[in-house]
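Student: Take this sequence and fold it.
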Amino acid sequence: MKESRIKRVSEILKMSERELTEYLRETDNSLQPTDLLKIISFEHGVKVFYQHENQEKPYKTRVFLRGIENSDLLK
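Tutor: Numbering: from 1, shown residues only. Predicted structure coming up:
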């Protein structure tokens, strides 16, 4: 198994959909081998929906925002 380090949000946002899927499968313990990932890019970043194979609704959502390190959103 390849060892993955935790990446900065800026690195994650530069990944292709395939690279992001591989990265999340390697680093996220909640992700099961049969789970589906739906990745949606939007103006301010990327949303990732985690979905069990036979379910309609996602059980988990992650959002990676651009420029979050310099944002007033966290104040």
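
Student: after whichever strand or helix holds residue 47, next one along is what?
Tutor: Assessed by DSSP states H and E, residue 47 sits inside strand 45-51. Using DSSP H and E, the helix or strand that directly follows strand 45-51 along the chain is strand 60-65.

Student: Who are the packing partners of that next one?
Tutor: Using 3 or more Cβ pairs under 8 Å, 6 or more residues apart in numbering; DSSP states H and E as the contact test, the elements touching strand 60-65 are helix 9-13, strand 45-51. C-betas here are computed from N, CA, C, even on glycine.

Student: Please list the residues outside the longest one that contact it.
Tutor: Translated: strand 45-51. Residues from elsewhere that reach strand 45-51, judged by Cβ atoms under 8 Å, 6 or more residues apart in numbering: 12-13, 20, 24, 30-31, 35-40, 57-66, 68.

Student: mind showing which ranges of this structure have poor pLDDT?
Tutor: 1-4, 68-75 (pLDDT under 70).

Student: Find the nearest non-adjacent residue to the residue nearest the centre of the chain, please.
Tutor: By Cα atoms, centre = their mean, the chain has its centre lying nearest to residue 48, at 4.7 Å. Spatial nearest neighbour of residue 48, chain neighbours left out: residue 62 (4.5 Å); criterion: Cβ to Cβ, 6 or more residues apart in numbering.
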